[in-house]
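Asks: let me see the structure of the following:
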Amino acid sequence: MTTASALTKHAQIRIARRSPAYWRVTIDNPPINVMGAEMAGRLAIRAGRVIGEQTLPDYTAVAHRGRVTRARMSQIMKLLNLAPDLQEQILFMPELPHLNERNLRPIVRLIDWHEQRRLFQTLTFGSAQHSAVAGARSTRR
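Replies: This is a model prediction of the structure:
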């Protein structure tokens, strides 16, 4: 099996052109409302690319094809307002239990990337410390 076909087989978001006017977007994932920040970030980047390439006309079409509401699509797309280094961290950092799109909303609302970074560090280090404390407590019992 070639690398390209292996990647296609395990892709979580697939876009297939059925005809010049019909595109099919398939999301192989749990329901959108329970996905982590990493998956939401990947979806935002992919949707932005699809719009930029004019594969689909707008975010409404992406939401329709992905079977999510326009409001949910808007929440996901706001992740692109994060500082680029934060987007990269979200995509490549190990999964943290409290790092999800909902917890990132207050950070995404900020315009200042320095302030975004400060709050993101608080969120991620707070989650890591919480996990470490919980792990230490469970080993004592």
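
Asks: thought L43 was touching I15?
Replies: No. If you go by C-beta atoms under 8 Å, L43 and I15 don't touch, sitting 11.8 Å apart. No exception for glycine: its C-beta is placed from N, CA and C like everyone else's.

Asks: other SSEs contacting the helix or strand Q87 falls within?
Replies: Secondary structure from DSSP states H and E places Q87 in helix 84-92. Here helix 84-92 is seen to pack against helix 37-52, helix 113-140 when contacts are counted using 3 or more C-beta pairs under 8 Å, 6 or more residues apart in numbering; DSSP states H and E.

Asks: enumerate every residue touching the most centrally placed residue in the chain.
Replies: In the chain, the centroid-proximal residue (C-alpha atoms, centre = their mean) is A40; its distance is 1.6 Å. With contacts defined as C-beta atoms under 8 Å, 6 or more residues apart in numbering, the neighbours of A40 are I76, L79, N100, E101.

Asks: how does it look with 10 Å?
Replies: Shown in contact with A40 (C-beta atoms under 10 Å, 6 or more residues apart in numbering): I32, R72, Q75, I76, M77, K78, L79, I90, N100, E101, R102, L104.

Asks: ok, now Q75?
Replies: I32, N33, A40, A44, V68, T69, E101, R102, L104, R105, V108.

Asks: in this structure, which helix or strand is least confident?
Replies: Scoring the helices and strands of the chain by mean pLDDT, DSSP states H and E places helix 3-10 at the bottom, with a mean of 46.

Asks: hmm, who's touching the helix or strand following that one?
Replies: Sequence-wise, the next helix or strand beyond helix 3-10 is strand 13-19, with elements assigned using DSSP H and E. Residues outside strand 13-19 that contact it (C-beta under 10 Å, 6+ apart): 8, 22-29, 39, 42-43, 45-47, 49-50, 53, 55-56, 62, 65-66.

Asks: what lines up beside the very next helix or strand once past strand 13-19 in the sheet?
Replies: Downstream of strand 13-19, the first helix or strand assigned by DSSP H and E is strand 22-27. The strands beside strand 22-27 in its sheet (DSSP bridges) come out as strand 13-19 (antiparallel).
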